[in-house]
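Peer 1: Coordinates for the following, if possible.
(one chain, ligands or ions: 1)
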Amino acid sequence: MWGMIATWRMAVEGITEASKGLEKGMDAGEAVVTAVKMVEDYPFYKSVGYGGLPNENCEVELDAAYMDGDTLAIGAVAGIRDYANPVSIARLLSEEKVNNFLVGTGAEEYAHKNGFERKNMLTDRAKQHYAKRKKETLDKGLSPYAGHDTVGMISLDEHGKMCAATSTSGLFMKRRGRIGDSALSGSGFFVDSEVGGATATGLGEDLMKGCISYEIVRLMKEGKHPQEACDIAVNQLDEELIRRRGKAGDLSLVAMNNKGEWGVATNIENFTFSVATKELEATVYISNRVD
Ligand code: SD4
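Peer 2: Sure, this is the predicted structure:
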């Protein structure tokens, strides 16, 4: 059995490509990084890698992470600028004994020393989005944070190894130096090959309040199907946030267990996700909030 699941429609080309590899015995780590890199390289996905949405100073600062579910090794970068594939840097960091999570200039120095490709990640299209949003924000008082999509992905290979990877430009118009859930294990992602993995998209500040990816893996470890685990964790956090804070930000999660069974839950309308398994060709589905 092999499988992959990811947040949003934007992952489907990457999943389609990586699935061919998994079918031929590709390692789960290779698969997840291959697929996420395809999303990072595509300029028209507005919130991941090249073409990602800028922060309030019109700079593209990227967060990414990688986790190996066999060894529980984790690597992550946050607020990194001018590097083409943050997910690959995160993966290399996961192989270090310590210093696995680097931010800003520290992450850029590491990438430079290790020969990663430097690239200006700010596109003209992203600059136009920035200018438009800035004007709207001033004119209509809109929240600068509306509009964000992160790619989070879980993979399972034929040997039973599972991996997770995330990559994002984070919240549009975020403050310089702001780090989201996508770089943080337990919140934006978590994977354990002995159980399964989960990964998130939405408002990082709220996803972190529930360590929600870890919570889903914990529920799967108790024996819950990934769908049930996602439903419980998302509903619980959504309700808690509303009860204690009056409202909940966007919370959307996907999960897969080590049998290739999968689940998804969201508190928004029209959350898209991409999934492929041995039985199922890479497909996109839409999931909706269930009240
Ligand atoms: C963040 N969770 O930085 C990310 C943004 C995101 O869909 O997922 N958007 O908070």
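
Peer 1: alpha carbons only for contacts and neighbour counts from here, please
Peer 2: Fine.

Peer 1: Figure out the length between the terminal residues of stretch 47-55.
Peer 2: Using C-alpha to C-alpha, to the nearest Å, the end-to-end distance of stretch 47-55 comes out at 11 Å.

Peer 1: Repeat that for stretch 53-66.
Peer 2: Chord length of stretch 53-66, first to last residue, is 21 Å (C-alpha to C-alpha).

Peer 1: Show me the shaky parts of the chain.
Peer 2: In the prediction, the chain carries residues with pLDDT under 70 at positions 142, 144-148, 291.

Peer 1: Flag every residue of it that's near the ligand.
Peer 2: Within reach of the ligand by C-alpha under 6 Å from any ligand atom, the chain has these residues: 148-150, 170-171, 180-182, 201-204.

Peer 1: Now, these that are in strands?
Peer 2: Cross-referencing those against strands under DSSP state E gives 201-202.

Peer 1: show me where the stretch 1-150 of the chain has strands.
Peer 2: Defined through DSSP state E, counting those that start in this stretch, the strands belonging to the stretch 1-150 of the chain, from first to last, are 3-7, 62-68, 74-80, 101-103.

Peer 1: Direction included, what does the third one pair against?
Peer 2: The reference is to strand 74-80. Taking DSSP bridges as the criterion, strand 74-80 sits next to strand 62-68 (antiparallel), strand 101-103 (parallel) in its sheet.

Peer 1: how about the first one: buried residues?
Peer 2: Burial within strand 62-68, assessed by neighbour count using 16 or more other C-alpha atoms under 10 Å, is assigned to 62-68.

Peer 1: what's that strand in contact with?
Peer 2: Taking contacts as C-alpha atoms under 8 Å, 6 or more residues apart in numbering, the residues outside strand 62-68 that touch it are 29, 48-49, 73-81, 86-87, 90-91, 94, 162-170, 179-180, 182-184, 190-192.

Peer 1: Just the ones of these in helices?
Peer 2: 29, 86-87, 90-91, 94 (DSSP state H).

Peer 1: ranking those by neighbours, who comes first?
Peer 2: For these, the largest neighbour count, defined by other C-alpha atoms under 10 Å, is 33 neighbours, found at Pro86.

Peer 1: just the helices in the stretch 101-250 of the chain please.
Peer 2: Per DSSP state H, counting those that start in this stretch, the stretch 101-250 of the chain has helices spanning 104-113, 124-140, 204-207, 212-221, 226-245. These are given in chain order.
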